[in-house]
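Enquirer: Structure, please.
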Amino acid sequence: MEDSRIALPIGANLDRFIKSHESHFKYASGELSQLLRDMALASKVINREMNKAGLINLAGNAGSQNAQGDHQQKLDILADIRFMRALTKGGEVCAIISEEQDDMFLTGKNNGKYVIAMDPLDGSSNIDVNVSVGTIFSIYRRKTEVGTTPTAEDCMQKGTEQVAAGYIIYGSSTMFVYTTGNGVNGFTYDLSLGEYFLSHPNLTTPDDGKIYSCNEGNSNSFPDGVTAYLNQCKDNEMTGRYIGSLVADFHRNLLKGGIYLYPPYRKGPNGKLRLMYECNALAFVVEQAGGKATDGKQRIMEIEPTDFHQKCPLYIGSKKMVDRLEECL
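Expert: Numbers count the residues shown, from 1 in each chain. Okay, the predicted model is just below:
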């Protein structure tokens, strides 16, 4: 048997990959690389704790609500704490805005050059039933002078200002997917070695697809154009797939080709998803992978933020599918 078949190669680990690709980032000086490693470290801790959540009473509702009135799960709070600690200790981040926090969190590291917007645990209510969940993050360079106290200006930036973004999906395998504006790469976590290894290099999404993902329970109050598009999907016998965890739905469509829709509806006239924590990050990823993201009127990453917890409609996925939706709108 050939040696290459006896010992099949594994991809580069995440640390080595980040370091070897530092030069692709125009501000390369090591801090962003360390920041991405801090994100990866926190995700390993969260992956461990989620895997034993049912055994140590970490699943279920925490009995509290976040800033938007959503019921918090115990793991929402735990994930928020883990990321806050990891990013504060890392020292590269001066401020964080989180879906689980009412206001901007100051790390006390005023020499940090970066700010982060994140959803620490998207889809956490699905943990109780063993459905995939995820973490979503956006990284920006601060606007105020390094060494000073950060202000809201540092966090309230358009998606076009992102220097990196990505997500971690915790499922049948745990993956870390990110971009710094030079394509998208995905890394799969090897539990036995405690390392992320490159498994999806230069990830691209199909230009067209056969999957549409939408919560059709709200369809009675969707805009007419969205209803018309969904009818087209059904007339063309496309496949409807909706998990209810944004990261899981997005990840599947990114790999296989598809479109994810969260339109305005009666109870959510601006949709449900948050521009700063969810939409901008995934829009950056999908565009770098060859796809498209819009709110139905403009490119997601060009929306001017007005509030940390701002909501917006989201139509994201394979370019031709989003184009056809826009024609209906």
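Enquirer: Could you use CA atoms for every contact and neighbour count after this?
Expert: OK.
Enquirer: Helices of this protein, start to end?
Expert: 3-6, 14-20, 31-51, 74-90, 152-155, 224-235, 246-256, 280-288, 319-328 (DSSP state H).
Enquirer: out of those, deepest packed?
Expert: For these, the largest average neighbour count (mean count of other Cα atoms under 10 Å) is found in helix 280-288, namely a mean of 27.
Enquirer: circling back: any idea which of the helices of the chain gets closest to Ser192?
Expert: helix 31-51 (12.0 Å; Cα to Cα).
Enquirer: Centre of the chain to that closest one, how far?
Expert: 14 Å (Cα atoms, centre = their mean, to the nearest Å).
Enquirer: Also stretch 296-305?
Expert: Worked out by Cα atoms, centre = their mean, stretch 296-305 lies 17 Å from the chain centre.
Enquirer: Touching it from outside, list them.
Expert: Stretch 296-305 has contacts (Cα atoms under 8 Å, 6 or more residues apart in numbering) with 156-160, 275-276, 279-280, 283-284, 293-294, 313-315, 326, 329.
Enquirer: what about that stretch, start to end distance?
Expert: 16 Å (Cα to Cα, to the nearest Å).
Enquirer: Show me which residues of it are buried.
Expert: Buried residues in stretch 296-305, counted by 16 or more other Cα atoms under 10 Å: Gly296, Arg299, Ile300, Met301, Ile303, Pro305.
Enquirer: Those into TSV, with extra columns for pLDDT and distance to Ala12?
Expert: Formatted as TSV, the buried residues of stretch 296-305 follow (pLDDT from 0 to 100; distance: Cα to Cα, whole Å):
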residue	pLDDT	distance to Ala12
Gly296	96	39
Arg299	98	34
Ile300	98	32
Met301	98	31
Ile303	98	36
Pro305	96	37
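Enquirer: farthest-separated two in those?
Expert: Gly296 and Pro305 (16.3 Å).
Enquirer: Just the buried residues of stretch 99-107, please?
Expert: Glu99, Glu100, Gln101, Met104, Phe105, Leu106, Thr107.
Enquirer: Which pLDDT value belongs to the residue nearest the centre of the chain?
Expert: Centroid-nearest residue in the chain, with Cα atoms, centre = their mean: Ile136, separated by 2.8 Å. For Ile136, the model assigns a pLDDT of 98.
Enquirer: any idea how far it is from Leu78?
Expert: Applying Cα to Cα to Ile136 and Leu78 gives a distance of 15 Å.
Enquirer: now do Met175
Expert: Plainly put, Met175 is 19 Å away from Leu78 if you go by Cα to Cα.
Enquirer: How is this structure partitioned into domains?
Expert: According to automatic domain parsing, the chain comprises the domains 10-200, 211-328.
Enquirer: how far out from the middle of the chain is stretch 84-102?
Expert: Offset of stretch 84-102 from its chain centre (Cα atoms, centre = their mean): 16 Å.
Enquirer: same check, this time on stretch 168-181
Expert: 9 Å.
Enquirer: Provide the partner residues of Ala165 in its beta bridges.
Expert: Ser138, Thr179 (DSSP bridges).
Enquirer: Pull the number of nearby residues for it.
Expert: The local packing of Ala165 (other Cα atoms under 10 Å) involves 27 other residues.
Enquirer: dump the residue contacts of it.
Expert: Applying Cα under 8 Å, 6+ apart to Ala165 gives the contacts Ile136, Phe137, Ser138, Ile139, Tyr178, Thr179, Thr180, Ala281, Leu282, Phe284, Val285.
Enquirer: Nearest to Asn111, out of those residues: which one, please.
Expert: When these are compared against Asn111 (criterion: Cα to Cα), the nearest one is Ile139, at 15.9 Å.
Enquirer: surely Tyr140 meets Ile116?
Expert: Yes: the pair Tyr140 and Ile116 qualifies as a contact (Cα atoms under 8 Å) at a distance of 6.3 Å.
Enquirer: Show me the common contact partners of the two, please.
Expert: Common neighbours of Tyr140 and Ile116 (Cα under 8 Å, 6+ apart) are Cys155.
Enquirer: Is it correct that Thr88 is in contact with Gly112?
Expert: No: contact criterion Cα under 8 Å: Thr88 and Gly112 do not qualify, at 9.6 Å.
Enquirer: which neighbours do these two share?
Expert: Shared contacts of Thr88 and Gly112 (Cα under 8 Å, 6+ apart): Cys94.
Enquirer: Relative to Pro264, tell me which of the helices of the chain wins on proximity.
Expert: With Cα to Cα as the criterion, Pro264 lies closest to helix 224-235 of the helices of the chain, at 9.5 Å.
Enquirer: mind listing what the closest residue in space to Lys19 that isn't next to it in sequence touches?
Expert: In this structure, Lys19 finds its nearest non-sequential neighbour in Ser33, 6.6 Å apart by Cα to Cα, 6 or more residues apart in numbering. Under the criterion of Cα under 8 Å, 6+ apart, the neighbours of Ser33 are Ile18, Lys19, Glu22.
Enquirer: what sits against the first one?
Expert: Pointing back at Ile18 there. If you count contacts by Cα under 8 Å, 6+ apart, Ile18 has them with Ser33.
Enquirer: Tell me how far it lies from Ser132.
Expert: On the measure of Cα to Cα, Ile18 and Ser132 end up 26 Å apart.
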